[in-house]
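# I need the structure of the sequence given here:
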Amino acid sequence: MLNRSERVLVAGAGGFVGGHLVRYLAAEGFTDIRAADIKPVDQWLQVQPEAECAQFDLRARAAAREAVAGCECVVNLTAGTGGTGLRSPRATTGIPSADVTATLLEAVVQAGVARFLQASSAAACPADLAGERLALRYQADHGLTVRIARYHEVYGPHCEWAGGRERAPAALSRKVAEAILAGADEIEIWGDGSQTRALLHVDDCVRGTLLILEGEFADPCNLGGAEPVSVNQLADFIEEIAGVRLKRRFHLSAPGGVHGCAGDGARMPQVPGWEPSVTLPAGLAGTYRWVAGQVSARTLTGRRGSPGTAGISSAP
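Residues are numbered from 1 along each chain as shown. Sure thing, here's the model as predicted:
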């Protein structure tokens, strides 16, 4: 178990999982948390008062050295993520490279940091794998203890909900809430709705992340829901939560994302004490209520999109 009084750096703390992880670490008794992100603090999805929150461009060596100074462990959540809209040929922004990971790892080794967690994706793309391989190379060459967590589709309150980076639960929640506010009787779904997702509530994600960080799991560990659910099933759940029934207009020529995605059950026993605890109905209810509140606030203020997003039409 990590010493709760020693400093922990959460890089990428302005993002969805990062904000929740900082909150969870504070609840678990960590008393010296440094939260860093390339975005100004007022643009973070969450800001936790228990942490030292600061803007750092970790691509720069001097900034990376300053950020990791005095840290016992570092959690790297800086990899870019995005929904189907961002991964499509129509997107204007791609998934960032592993440049930040390289600079951060160099600073970590120079500072004598003991433990490093690299967050990755269960649907690993080349940038994700490059970060994993680089971290493991530093472990082999420098004796740094490295842990790798591969996340499935994480959802929950304080997520991206507009602009292309939102995942299916948030996108569908937004579309249902917008339809209700507009008095519309239908929503658009990209693809035919049969594509499946292995959803992971953010509370289960951050709990599993700490278990991996503190554990002895030398291989990458998947964190994801055990049972896949289709986009159409998600829409059913969200409509039931919202108390409406809407028609569905399927945009078959739009990118629908990968057709199937499920958790690797063989990995789960490697994380003792962890299994998903938030049920899908409960998780979606909290997510819908939060997203619907954001949609209502945007309607009242005329604000478009969510912090850090471009307000583009997005999936599913």
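# number of nearby residues for residue 233?
Number of residues near residue 233 (other Cβ atoms under 10 Å) recorded here: 15. Where you see a C-beta, it was placed from the backbone N, CA and C, and this is true even at glycine.
# Can you list the neighbours in contact with the helix or strand containing it?
Following DSSP states H and E, one finds residue 233 within helix 231-242. For helix 231-242, the surrounding residues in contact (Cβ atoms under 8 Å, 6 or more residues apart in numbering) are 168-169, 172-173, 176-177, 180, 187, 189, 191, 193-197, 245-246, 248, 256, 280-281, 284-285, 288, 292, 316.
# ok, residue 65 touching residue 112?
No. At 11.9 Å, residue 65 does not count as touching residue 112 under the criterion of Cβ atoms under 8 Å.
# Compare those two and say which is more crowded by neighbours.
Shown here are residue 65 and residue 112; by other Cβ under 10 Å, residue 65 has more neighbours (17 against 10).
# does the residue nearest to the more buried one when sequence neighbours are not counted count as helix, strand or coil?
Nearest non-adjacent residue to residue 65, counting by Cβ to Cβ, 6 or more residues apart in numbering: residue 107, 4.7 Å away. Here residue 107 is recorded as helix under DSSP: H, G, I helix; E, B strand; the rest coil.
# any idea how far residue 107 lies from residue 138?
Distance check for residue 107 against residue 138: by Cβ to Cβ, to the nearest Å, it reads 11 Å.
# any chance you could map the strands in the stretch 51-200 of the chain?
Along the stretch 51-200 of the chain, counting by DSSP state E, counting those that start in this stretch, strands occupy 52-55, 71-76, 115-121, 145-151, 153-155, 186-190, 196-197, 199-201.
# And the second one, how far out from the chain middle?
Using Cα atoms, centre = their mean, to the nearest Å, we find the averaged C-alpha position of strand 71-76 to lie 18 Å away from the chain's own average C-alpha position.
# got the angle for that strand vs strand 145-151?
For strand 71-76 against strand 145-151, the angle between stretch directions is 30 degrees (axes from the mean of the first three to the mean of the last three Cα atoms, to 10 degrees).
# What's the local residue count around residue 151?
Using other Cβ under 10 Å, residue 151 has 23 other residues around it.
# List the residues that contact the closest residue to it other than its chain neighbours.
Closest residue in space to residue 151, ignoring its immediate chain neighbours: residue 223 at 5.5 Å, by Cβ to Cβ, 6+ apart. Going by Cβ under 8 Å, 6+ apart, residue 223 touches 122, 149-152, 200, 204-205, 208-209, 212, 271, 274.
# tell me the domain ranges of the protein?
Split into domains by automatic domain parsing, the chain comes to 7-154+199-223, 168-198+226-301.
# Give me the pLDDT for the residue nearest to residue 65.
Looking at residue 107, its pLDDT stands at 97.
# Quick check: the gap between it and residue 44.
From residue 107 over to residue 44 (counting by Cβ to Cβ), the distance is 22 Å.
# Could you do residue 194 as well?
Residue 194 is 36 Å from residue 44, by Cβ to Cβ.
# any low-confidence regions in this structure?
For the chain, the stretches flagged by pLDDT under 70 are 80-97, 122-128, 226, 254-270, 302-316.
# can you rerun that using 80?
The model of the chain has pLDDT under 80 over residues 79-98, 121-128, 225-227, 253-273, 301-316.
# quick check: longest helix of it.
Determined from DSSP state H, the single longest helix within the chain is helix 280-301.
# buried sites along that one?
Buried residues in helix 280-301, counting neighbours by 16 or more other Cβ atoms under 10 Å, are found at 280, 283-288, 290-292, 294-295, 298.
# sorry, back to before: the strands of the stretch 51-200 of the chain: which one's closest to residue 230?
Smallest distance to residue 230 across the strands of the stretch 51-200 of the chain (Cβ to Cβ): 5.0 Å, for strand 196-197.
# between residue 194 and residue 44, which one's more packed in?
The residue with more neighbours, out of residue 194 and residue 44, is residue 44; 22 against 13, by other Cβ under 10 Å.
# In contact with the closest residue to residue 130 other than its chain neighbours, which residues are there?
Spatial nearest neighbour of residue 130, excluding adjacent residues (Cβ to Cβ, 6+ apart): residue 98 at 4.0 Å. Counting by Cβ under 8 Å, 6+ apart, residue 98 makes contact with 79, 127, 130, 131, 134.
# Please produce a markdown table containing these, extended by neighbour count and distance to residue 228.
What follows is these, written out as a markdown table (neighbours: other Cβ atoms under 10 Å; distance: Cβ to Cβ, whole Å):
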| residue | neighbour count | distance to residue 228 |
| --- | --- | --- |
| 79 | 23 | 23 |
| 127 | 19 | 24 |
| 130 | 18 | 27 |
| 131 | 28 | 25 |
| 134 | 17 | 30 |
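# Closest to residue 34 out of those?
residue 79 (18.8 Å).
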